[in-house]
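# Build the 3D model from these lines:
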Amino acid sequence: QLQLVESGGGPVQPGGSLRLSCTASGFSLDDYTIGWFRQAPGKEREGVSCISNTDGTTSYADSVKGRFTISRDNAKNTVYLQMDSLKPEDTAVYYCAAPPRLFRLCVLREILYDYWGQGTQVTVSS
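Sure thing, here's the model as predicted:
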């Protein structure tokens, strides 16, 4: 079974940057569409960004467009989420997730994703 592991979270000041990583062992992430989701305290989990495994199509939530960038490094079997110009409202636990391998579209709907990492905490505060 695909197991995803996130890393790269931590505390950061407003306006700062972080890069989150999503890796897997035993599976090639380039076989999967990968999505990033986040859940802030007291709020529902929301989709942040995704990247397809076919043509590299990406999608972003309106709240992060122009500030976050998703990318793949297939040689490192890693998907990144570069987060710039961070705001306090970006504070959340960030999860990477994957739908079934045959689902090749980039769609930010949580119900479509079967495989989830354990999450990494991002805290934006001065």
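# what's around residue 67, how many residues?
15 (other Cβ atoms under 10 Å). Every C-beta, even on glycine, is put in place using the N, C-alpha and C of the backbone.
# for it, what are its contacts?
If you count contacts by Cβ atoms under 8 Å, 6 or more residues apart in numbering, residue 67 has them with 83-86.
# Most neighbours among these, which one is it?
Busiest of those [other Cβ under 10 Å] is residue 83, holding 26 neighbours.
# Next one: residue 124, what pLDDT does it get?
What the model reports for residue 124 is a pLDDT of 98.
# swap in residue 81?
pLDDT, residue 81: 98.
# How about residue 119?
97.
# Need the phi and psi values for the closest residue to it other than its chain neighbours.
Nearest residue to residue 119, sequence neighbours excluded (Cβ to Cβ, 6 or more residues apart in numbering): residue 93, at 4.2 Å. Phi and psi for residue 93, reported as degrees, to the nearest 10, are phi -90, psi 130.
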